[in-house]
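**Student:** Model the following, please.
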Amino acid sequence: MKRNGIFFWVGAAVFLIAIALMTKLITNEYPFFAGYVILQFIVLAVAWSILGGHAGYVNFGTSAFFGMGVYTAVFLFKVTGAPLLVQIAAAAAVGALMGFALGLLTLRMQGIFFSIATIALTIVIETSITNWRYVGGAAGIQLQRPPVTWPFSGYVQMLFFVQAVLVVLAVVVSRYIQNSWIGRGLQALRDDELAAECTGVPTLRLKVLACVVSGALMCAAGAPAAMYLQYADPSSAFNLNYSVSTLAMSLIGGTAHWAGPIVGAILLGTTQQLLTVTISSEVNVLVLGVMLVLFVVAAPEGLIGLLRRVRDKRREGKQ
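**Tutor:** Numbering: from 1, shown residues only. Predicted coordinates:
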């Protein structure tokens, strides 16, 4: 366990160093534009799996948290010209409050009822933002990027690195939850909530905690998107595609392990970016649907679960 921890932290450090070197060595901005989107989906998928994977509560409200992160950043930038790190920190705080409210309001909801409640949350927040003219309303709002800060030469490169830091933060949190008593409690909640509660597991507190952590990470992932696009409007910020893609990435990678959503997000995110360049972005929805159906039928536990099954069969064959 200790050795795995050392490998993990070394891997995280190497990852960030590699990202920093990319911003210095690559002059073409397109890899950063495409890479940013993939990193963004990794954060969203990992955050989703904390509630949807560990706790078993299927959340269709990813777009609500992501969009709220976008508009928190827009509001702060318009009012005070707040720097990016302040925007992200504020978005995380707003996401945590939203998650807390969602957890309290849906304490006794399970299964499809909880999922419907998260969809309703998206509709309510999007409608509110659409009618708020101060942040652009339905027409959206244009944003002018501030000067880039040292040591980056371009704003997109800086956003790319910041999103990479958020990836590491999200993975650290997810890994800690999985390996701690919180993860064991969430797993018990997912397997049988009533039985877990009868055995002394604080199911309600754990559910609220999972909502808070997941919401904070999702909102934080959305905060840099306003400056990434230099534009924000409700229909794109609260696009249901974020919810569907995040769910698909987590299921394709596997929710039983913290690494599953990362694998799924890299696989599906990279495929979508390649299709956008070579064919059309409209094909992404078709590919997402086909891949999701294939994995649900052939590998219901995702890629991580499939690899575990293959490994176990090999061990049985050797014995």
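**Student:** going forward, measure contacts between C-alpha atoms and count neighbours the same way
**Tutor:** OK.
**Student:** element containing Ala12, please.
**Tutor:** helix 2-25 (DSSP states H and E).
**Student:** Next, the buried residues of whichever strand or helix holds Val86.
**Tutor:** Per DSSP H and E, Val86 falls inside helix 84-105. Of the residues in helix 84-105, 84, 87-100, 102-103 count as buried by neighbour count, 16 or more other Cα atoms under 10 Å.
**Student:** C-terminal to the host helix or strand of Ala216, what's the next element?
**Tutor:** Using DSSP H and E, Ala216 falls within helix 203-222. Moving toward the C-terminus from helix 203-222, the next helix or strand (DSSP H and E) is helix 225-229.
**Student:** can you list contacts of that following helix?
**Tutor:** Val70, Tyr71, Ala73, Val74, Leu143, Gln144, Arg145, Val156, Leu159, Ala232 (Cα atoms under 8 Å, 6 or more residues apart in numbering).
**Student:** And those residues, which two are furthest apart?
**Tutor:** Tyr71 and Val156 (19.0 Å; Cα to Cα).
**Student:** Looking at these two, which is more packed in?
**Tutor:** Tyr71 (25 against 21; other Cα atoms under 10 Å).
**Student:** wait, the more buried one sits on Pro224?
**Tutor:** No - using Cα atoms under 8 Å, Tyr71 and Pro224 do not qualify as a contacting pair, with a distance of 10.2 Å.
**Student:** shaky segments in the stretch 151-300 of the chain?
**Tutor:** Within the stretch 151-300 of the chain, the stretches with pLDDT under 70 are 280-282, 300.
**Student:** So which residues of it form strands?
**Tutor:** 231-232 (DSSP state E, counting those that start in this stretch).
**Student:** Just the helices from it, written as ranges.
**Tutor:** Here the stretch 151-300 of the chain has its helices, by DSSP state H, counting those that start in this stretch, at 155-179, 181-191, 193-198, 203-222, 225-229, 234-237, 240-253, 260-278, 283-298.
**Student:** Now render the ones you listed as TSV, adding distance to Val46.
**Tutor:** Formatted as TSV, these follow (distance: least, Cα to Cα, whole Å):
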stretch	distance to Val46
helix 155-179	6
helix 181-191	14
helix 193-198	22
helix 203-222	8
helix 225-229	18
helix 234-237	19
helix 240-253	7
helix 260-278	5
helix 283-298	17
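**Student:** Nearest to Trp48, out of these?
**Tutor:** helix 203-222 (6.1 Å).
**Student:** and that closest one, what does it pack onto?
**Tutor:** On a contact count with 3 or more Cα pairs under 8 Å, 6 or more residues apart in numbering; DSSP states H and E, helix 203-222 meets helix 30-49, helix 62-80, helix 84-105, helix 155-179, helix 181-191, helix 193-198.
**Student:** Nearest to Ala18, out of these?
**Tutor:** Nearest to Ala18, of the helices and strands packed on helix 203-222 and by Cα to Cα, is helix 155-179 at 9.9 Å.
**Student:** Quick one: residues in contact with that closest one.
**Tutor:** So helix 155-179 is in contact with 12, 16, 19-20, 23, 29, 32-33, 35-36, 39-40, 42-43, 46-47, 50, 54, 145, 147-148, 152, 183-184, 217, 220-221, 224, 228, 257-258, going by Cα under 8 Å, 6+ apart.
**Student:** so how far is it from its chain's centroid?
**Tutor:** Its chain's C-alpha centre and that of helix 155-179 lie 10 Å apart, by Cα atoms, centre = their mean, to the nearest Å.
**Student:** what's the angle from that helix to helix 2-25?
**Tutor:** Orientation check (axes from the mean of the first three to the mean of the last three Cα atoms, to 10 degrees): helix 155-179 against helix 2-25 gives 170 degrees.
**Student:** What are the buried residues along helix 155-179?
**Tutor:** The neighbour-count check on helix 155-179 (16+ other Cα under 10 Å) flags 155-168, 170-175, 177-178 as buried.
**Student:** One more: stretch 31-43?
**Tutor:** By 16+ other Cα under 10 Å, the buried positions in stretch 31-43 come out as Phe32, Phe33, Ala34, Gly35, Tyr36, Val37, Ile38, Leu39, Gln40, Phe41, Ile42, Val43.
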